[in-house]
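S.K.: I need the structure of the sequence given here:
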Amino acid sequence: MSTTAELLKQASDLFPDEVVTSAHVRHFDLPSGAGRFALITLDNGLDHTKPTTFGPASLANLNTAIDQVEKEAAEGAIVGVGITGKPFIFAVGADLKGVELLKEHEHALAIGKGGHEVFKRLAGLAVPTFAYYNGAAMGGGVEVGLHCTYRTVSKAIPAFSLPEVFLGLVPGWGGCALLPNLIGADKAVSVIIENSLNQNKQLKGEQVFDLGIADALFEGADFLEQSLIWTASVLKGDIAVERPVIDRGEAWDQAVARGRFIADSKVHGAAPAAYRALDIIAAAKNGDLQQGYDAEDLALADLIMGGELRAGIYAFNLVQKRGKRPAGAPDKNLARPVTKVGVVGAGLMASQLALLFLRRLEVPVVLTDIDQERVDKGVGYVHAEIDKLLGKGRINQDKANRLKALVTGVLDKAEGFSDADFVIEAVFEEIGVKQQVFAEVEAVAPAHAILATNTSSLSVTEMASKLKNPERVVGFHFFNPVAILPLLEIVRGEQTDDASLATAFAVAKKLKKTAVLVKDAPAFVVNRILTRFMGEIQNVIDEGTPVEVAEKAVEPLGLPMSPLVLLELVGPAIGLHVSETLNRAFPDRFTVSPNLAAVVKAGKRGFYVYDSGKPELDPEVAALLKQGDVVLTEEQVRDRVLDAVAQEIGLMLDEGVVAEAQDIDLCLITGAGWPFHLGGITPYLDREGVSERVNGKKFLAPGVASVPA
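M.R.: Coordinates of the predicted model:
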């Protein structure tokens, strides 16, 4: 038994639930008399929508297949070896559900070495090797192809990436060492660092080819056939693959520096994966691949045993699993069909909602407002956005015409909503206004129609309290921008019935939103946590800590933007309104900042100006600020903010605002862009000891977003 095989056999005991990938070898004669060829096909035996992954047993199967073709190549029985995947799926990398179970550094190191040893054998064969990227390829799926001599890619590929940094790892089976040596350091930094930190951006087939990762690009319908014809031409010498000379001078160093700038701007030094990957890319400049592989092994093992990966996998599972099977959602069979949607309001938020319902449900959507000018503006916004989609080639002319015909605007609610199944309001955030709107809608809408509110902080129960049928009122809280942020907080009022709630969840699914069931509590989840977070930042500023110190204090969290930049995005007036709402509900914990009130009264849109190209405190805002003389350090500010957030989350869980801490994290990730590498917020609070300091216990059990006990 080979050393590689022994290594993988030992590691396989650590992955009891691995979905094993087979590696079938078949032989045939290439076109044009190019010779006998061996093709390895990766297949996990599940349906074609299930991804193929590499765990220890899967790597062992590939290793056995390479044993066979290695012998054939040495004997001159074959002229080349190819590797491809089952229909639509090439391979999507390591078996992460096994990786997160590892408890020992040496076991993690074995996984890295095992993958390297198998993949390196492809590069060492006595004949040329070919990777045929026929479908989705990620992580180790990309890397196994990088070890081959040549690569082809399908135009139909929907997703191609090295997403490891996004999850808290590095491309650890050759990606960091091989990719910059293939396409240059700058392009490699874009794929490994920039795309990963840009919410795991995926490449399409043509982009893979344009980057130089693949040597040929073919249509999806006959991809493998065309790849084999091309392979025959390469082997016969009719096609010569030329690759650019890699610049190993100053350009390489500049690329790494650009990567560090990107990492700093995204995670602010708070997450190690990007920096470990950049160190390996920087060292790969000398072309010593084995040195790079060794560095990948060590980085992979260190990161597997660290908190960032566990939090990243936890966050990934939240979005991919819990987000698609919402906790507490009623029986989906209770949901009623929605064939027409009404939108009360025609402002920006209402218009965004109308566009979303129109695009996803493709049913008639009607907007109303208090005058014709507003109605026309709302309908015009939707039409303009459809025209943009048409201009970008996202939809064709027929569909554009059909969508435009489905959206209308009226002043008379009776005319617009008499046959609507789902009516959502997006009017001024004042309880009396919303109660009046719902009373008017209830008087004209069908008895079965759902009445949904997009309120960000008001009581759904109180909103429904004066209606004849309060059981059909449900909170349907979107986040701005509606088209981008996935979260939809679905709020159950005290009298909301199961059928109305089930319909709301069914609509959310059609809208392709991540729905989380939330109790009718002040500001629900995201706004409550962010307001407590922002409130402490504002408090320390009011007390005397300089603005720049308060802002910089939370940089180690690696948040997508600083607190005051976030406030500017939300709008100071909205931030003030939510803080006032929560102050009325919880005056002992939520304050109303007099400085924020002064900024809103002065009509300022934020604390900063950008005349120099970067945020600087607006002199007019600085003149408004009235501060005390208590000046805290960055560490003191950070402790105070995190303690406040941990306390609030503990109270929310005690109140049953959501089912579990996992729902808190899912909300923050999908509704506020909270970093994957934190796992939301509760794993971070657990790791930093804040949860126990404040609440006397951790939010998550051992092994959930952490190394198993």
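
S.K.: switch to C-alpha atoms for all contacts and neighbour counts from now on
M.R.: Will do.

S.K.: gap between the nearest residue in space to Val423 that is not next to it in sequence and Ala354?
M.R.: Excluding the flanking residues, the one nearest Val423 by C-alpha to C-alpha, 6 or more residues apart in numbering is Gly342, at 4.4 Å. From Gly342 over to Ala354 the distance is 8 Å, taken as C-alpha to C-alpha, to the nearest Å.

S.K.: Between these two, which has more neighbouring residues?
M.R.: Gly342 (31 against 28; other C-alpha atoms under 10 Å).

S.K.: secondary structure class for the more buried one?
M.R.: strand (DSSP: H, G, I helix; E, B strand; the rest coil).

S.K.: Run a quick neighbour tally on Val526.
M.R.: Residues near Val526, counting by other C-alpha under 10 Å, number 23.

S.K.: do Leu278 as well
M.R.: Neighbours of Leu278 using other C-alpha under 10 Å come to 24.

S.K.: what do you get for Gly124?
M.R.: 14.

S.K.: quick one: it and Val69, what's the gap?
M.R.: 12 Å.

S.K.: Who is the residue nearest to Val423 paired with across the strands?
M.R.: Val366, Val423 (DSSP bridges).

S.K.: what's near enough to touch it?
M.R.: 365-368, 416-417, 420, 422-424 (C-alpha atoms under 8 Å, 6 or more residues apart in numbering).

S.K.: From the residues you listed, which shows the smallest pLDDT?
M.R.: For the contacts of Gly342, the weakest pLDDT value sits at Gly416, with 94.

S.K.: any chance you could map the helices in the stretch 351-500 of the chain?
M.R.: Ranges of helices in the stretch 351-500 of the chain, per DSSP state H, counting those that start in this stretch, are 372-391, 397-406, 413-417, 431-444, 460-464, 498-510.

S.K.: Mean neighbour count, the ones you listed: which tops it?
M.R.: helix 460-464 (a mean of 24; mean count of other C-alpha atoms under 10 Å).

S.K.: burial count for the closest residue to Val491 other than its chain neighbours?
M.R.: Spatially, and ignoring its direct neighbours in sequence, Val491 is nearest to Gly475 (4.2 Å; C-alpha to C-alpha, 6+ apart). As a burial measure, Gly475 scores 31 neighbours (other C-alpha under 10 Å).

S.K.: Help me confirm that Gly475 comes into contact with Glu489.
M.R.: Yes - here Gly475 reaches Glu489: they are 7.4 Å apart, a contact under C-alpha atoms under 8 Å.

S.K.: residue contacts, Phe223?
M.R.: 134, 154.

S.K.: Please tell me how far it sits from Val565.
M.R.: Counting by C-alpha to C-alpha, the separation of Phe223 from Val565 is 47 Å.

S.K.: so where's the chain shaky on pLDDT?
M.R.: Residues of the chain meeting the criterion pLDDT under 70: 1-4, 7, 10-11, 709.

S.K.: I'd assumed Ala508 was in contact with Ala335.
M.R.: No - counting by C-alpha under 8 Å, Ala335 does not reach Ala508; the two are 11.5 Å apart.

S.K.: follow-up on the earlier one: residues in a beta bridge with the residue nearest to Val491, which ones?
M.R.: Thr453, Val491.

S.K.: could you measure it against Asn454, distance?
M.R.: 6 Å.

S.K.: what do you get for Lys392?
M.R.: Lys392 is 30 Å from Asn454, by C-alpha to C-alpha.

S.K.: Equivalent analysis for Glu242, please.
M.R.: Taken as C-alpha to C-alpha, the span from Glu242 to Asn454 is 57 Å.

S.K.: These two - which one has more neighbours?
M.R.: Asn454 (25 against 7).

S.K.: Hmm, Ile424 and that one touching each other?
M.R.: Yes - using C-alpha under 8 Å, Asn454 is in contact with Ile424, at 7.0 Å.

S.K.: Are there residues contacting both of these two? Which ones?
M.R.: Counting by C-alpha under 8 Å, 6+ apart, the residues touching both Asn454 and Ile424 are Phe476.

S.K.: Of all residues in this protein, which one is nearest the centre?
M.R.: Gln199 (4.9 Å; C-alpha atoms, centre = their mean).

S.K.: separation between the closest residue to that residue other than its chain neighbours and Arg359?
M.R.: Nearest residue to Gln199, sequence neighbours excluded (C-alpha to C-alpha, 6+ apart): Phe166, at 7.2 Å. From Phe166 across to Arg359, the span is 30 Å (C-alpha to C-alpha).

S.K.: So between the two, which is more surrounded?
M.R.: In this view Phe166 and Arg359 are compared by other C-alpha under 10 Å, and Phe166 has more residues nearby, 28 against 15.

S.K.: Let me know the helix or strand that that one is in.
M.R.: Assigned by DSSP states H and E, Phe166 falls within helix 164-167.

S.K.: Give the next helix or strand downstream of that helix.
M.R.: helix 175-183.

S.K.: pretty sure Ala216 contacts Arg151?
M.R.: Yes - the pair Ala216 / Arg151 is scored as a contact, 7.0 Å apart, by C-alpha under 8 Å.

S.K.: between the two, who's got more neighbours?
M.R.: Neighbours were counted for Ala216 and for Arg151 using other C-alpha under 10 Å; Arg151 has more, 24 against 21.

S.K.: Provide the partner residues of that one in its beta bridges.
M.R.: Residues in beta-bridge contact with Arg151 (DSSP bridges): Ala131.

S.K.: does it really touch Asp215, like I thought?
M.R.: Yes - under the criterion of C-alpha under 8 Å, Arg151 makes contact with Asp215 at 5.5 Å.

S.K.: what's in contact with stretch 115-132?
M.R.: 4, 59, 62-63, 66, 70, 73-74, 78-85, 144-153, 173-174, 224, 227, 231, 293.

S.K.: Any buried residues in that stretch, and which?
M.R.: 115-120, 122-123, 125-132 (16 or more other C-alpha atoms under 10 Å).

S.K.: Among these, which are located in helices?
M.R.: Members of the buried residues of stretch 115-132 lying in helices (criterion: DSSP state H): 115-120, 122-123.

S.K.: how about these in JSON lines, adding distance to Val433?
M.R.: Below are these laid out as JSON lines (distance: C-alpha to C-alpha, whole Å):
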{"residue": "Gly115", "distance to Val433": "62"}
{"residue": "His116", "distance to Val433": "64"}
{"residue": "Glu117", "distance to Val433": "67"}
{"residue": "Val118", "distance to Val433": "66"}
{"residue": "Phe119", "distance to Val433": "65"}
{"residue": "Lys120", "distance to Val433": "68"}
{"residue": "Leu122", "distance to Val433": "69"}
{"residue": "Ala123", "distance to Val433": "69"}
